[in-house]
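[1] Turn this into a model:
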Amino acid sequence: RAPAPLRVEHAPPAPSLTRLIVPLFAVSGFAAILYEVAWTRILSVPFGGMVYSFSAILAVYLLGIAAGAGIAALLLRVINAPVLLFGVFQLLLAGAVVAGSHVFERLPHIQTTLIAASRGSAARLFAGEAGITAMIVLAPTLFLGALFPLAAAIYQRGRGDAGASVGTIYAANTLGSIAGSVLTGFLLIPTIGALRAILFGAAANAAIGCLALFLGEGKAWKRTAGVVFGLAASVAVALFALPSWHAERMSLGFVRLLRSFEFGGATLTHRMIEKIGASVELERLLFYKEGRAATVAVVATGDRRAL
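    Sure, this is the predicted structure:
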């Protein structure tokens with residue numbers, strides 16, 4: 001007979017966290033859809049269309065969600081501390097979102113390299129775009145997927161009924177997702193832009209993570225140390241590691257990059273990308289606005305203006 005797997009036991013979660021898990025997971029659902037909407041808006045420019053960017057994001061997004069849920073289910077069999085795990089995964093999610101956002105500033109260069117490597121093959125181009133999407137989306141969605149079984153386990157401890165617990169958690173997450181889809185597209189992106197909206201969601205995840213660690217299992221000093229570490233890491237990232245946003249370069253769509261590549265090759269295109277935003281002689285950004293329906297940029301090259 002095989003021995004039973006090792007199971008690390010911790011004290012039960014605080015009753016306050018059991019009550020708070022429903023609204024907290026609704027906020028997580030809000031952030032999850034916020035990320036998807038903002039990622040789609042950003043990637044639609046270098047990918048050359050909403051259909052391709054949305055399809056790539058959705059495929060990687062669902063893959064990450066499924067894998068993350070499976071990982072969390074396995075962890076719960078070994079570590080009987082769902083609140084601790086919930087807090088850790090929230091903080092990891094925030095860090096992964098910020099780390100993935102650093103890819104944005106290199107997107108025009110990466111897309112140019114991909115155009116050169118695809119050699120006119122649409123299949124290679126789409127596969128490469130899926131790879132770019134995975135660089136940004138896969139790690140955050142792994143952590144997003146892990147949150148659902150953890151939240152259900154926390155809520156079930158206070159209720160006992162597994163079916164009702166899963167249903168309640170799922171409903172809260174869905175309501176948060178609805179709010180996230182509406183407010184991100186109609187308020188956050190037009191007001192603060194897609195990147196700042198993503199960072200806003202990451203800040204919310206980090207705050208939830210610190211709260212969960214504070215109210216979670218384990219000794220008080222260990223929980224306090226975890227919160228201090230989470231807050232210190234969040235402040236350090238906010239001060240020294242936030243991603244940048246070059247509006248001129250982020251306005252370089254797929255067609256323009258493709259034309260530059262056909263005219264002068266990859267080397268010339270990379271040089272053009274580096275000069276844009278740094279040299280007003282090459283191009284000046286006259287207008288840039290992230291709106292509800294699209295991102296609009298007006299640039300001037302000499303006496304010519306382009307939309």
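[2] Counting neighbours, which bits of the helix ranked longest in the chain end up buried?
    Secondary structure of the chain read by DSSP state H shows that its longest helix is helix 122-159. Neighbour-count burial for helix 122-159 flags 125-126, 128-130, 132-157 (criterion: 16 or more other CB atoms under 10 Å). (Glycine included, C-beta is placed from N, CA and C.)
[3] Now do the one helix or strand Leu257 maps to: distance to the chain's middle.
    Counting by DSSP states H and E, the element that carries Leu257 is helix 254-275. Its chain's C-alpha centre and that of helix 254-275 lie 28 Å apart, by CA atoms, centre = their mean, to the nearest Å.
[4] how about the helices in the stretch 201-307 of the chain?
    Applying DSSP state H, counting those that start in this stretch to the stretch 201-307 of the chain gives helices spanning 220-240, 247-250, 254-275.
[5] Contacts for the first one, please.
    If you take CB atoms under 8 Å, 6 or more residues apart in numbering as the criterion, helix 220-240 is touched by 87, 91, 94-95, 98, 203, 206, 209-210, 213-216.
[6] relative to helix 122-159, how tilted is whatever helix or strand Val182 lives in?
    Val182 is part of helix 162-183, with elements assigned from DSSP H and E. Going by axes from the mean of the first three to the mean of the last three CA atoms, to 10 degrees, helix 162-183 is angled at 130 degrees with respect to helix 122-159.
[7] tell me the mean pLDDT over helix 162-183?
    Helix 162-183 shows a mean pLDDT of 92.
[8] again, but for stretch 90-110
    Stretch 90-110 comes out at a mean pLDDT of 94.
[9] one step back: just name the most buried of the helices of the stretch 201-307 of the chain.
    helix 247-250 (a mean of 20; mean count of other CB atoms under 10 Å).
[10] residues making contact with that helix?
    The set of residues external to helix 247-250 that reach it, using CB under 8 Å, 6+ apart, is 42, 45, 104-105, 107-108, 273, 276-277, 283, 285, 288, 297, 299.
[11] any idea how far the closest residue to Phe148 other than its chain neighbours lies from Ala153?
    Take Phe148 and drop its neighbours on the chain: the residue closest to it by CB to CB, 6 or more residues apart in numbering is Ala69, 5.8 Å away. Counting by CB to CB, to the nearest Å, the gap from Ala69 to Ala153 is 12 Å.
[12] buried stuff in stretch 94-112?
    For stretch 94-112, using 16+ other CB under 10 Å, the buried residues are 94-101, 103-104, 107-112.
[13] Near Asn59, how many other residues are there?
    Careful, residue 59 is Ala and not Asn. A total of 14 residues lie near Ala59 under the criterion other CB atoms under 10 Å.
[14] secondary structure class for it?
    Under DSSP: H, G, I helix; E, B strand; the rest coil, the three-state class of Ala59 is helix.
[15] ok so, going back, and the contacts of helix 220-240 as TSV, adding distance to Ser234?
    Below are the contacts of helix 220-240 laid out as TSV (distance: CB to CB, whole Å):
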residue	distance to Ser234
Gly87	13
Leu91	8
Ala94	7
Gly95	9
Val98	9
Ala203	7
Ala206	5
Gly209	9
Cys210	8
Leu213	12
Phe214	14
Leu215	18
Gly216	17
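[16] and the two most separated of the residues you listed?
    Val98 and Leu215 (24.1 Å; CB to CB).
[17] which sections of this structure are below the confidence cut-off?
    Of all residues in the chain, those with pLDDT under 70 make up the ranges 1-16, 49-50, 52-53, 158, 160, 277-282, 302.
[18] My read is that Ala179 contacts Phe30, right?
    Yes - counting by CB atoms under 8 Å, Ala179 does reach Phe30; the two are 5.4 Å apart.
[19] Show me which of these two is the more surrounded one.
    Taking other CB under 10 Å, Ala179 and Phe30 do not tie; Phe30 has more neighbours (22 against 16).
[20] Three-state assignment for that one, please.
    With three-state DSSP as the basis, Phe30 sits in helix.
[21] thought it was touching Asn173?
    No - assessed by CB under 8 Å, Phe30 is found out of contact with Asn173, at 9.1 Å.
[22] if we can go back for a sec, any idea of the angle the helix holding Leu257 forms with helix 122-159?
    80 degrees.
[23] And the contacts of helix 254-275?
    Against helix 254-275 from outside (CB under 8 Å, 6+ apart): 45-49, 108-109, 111-113, 115-116, 249, 252, 282-283.
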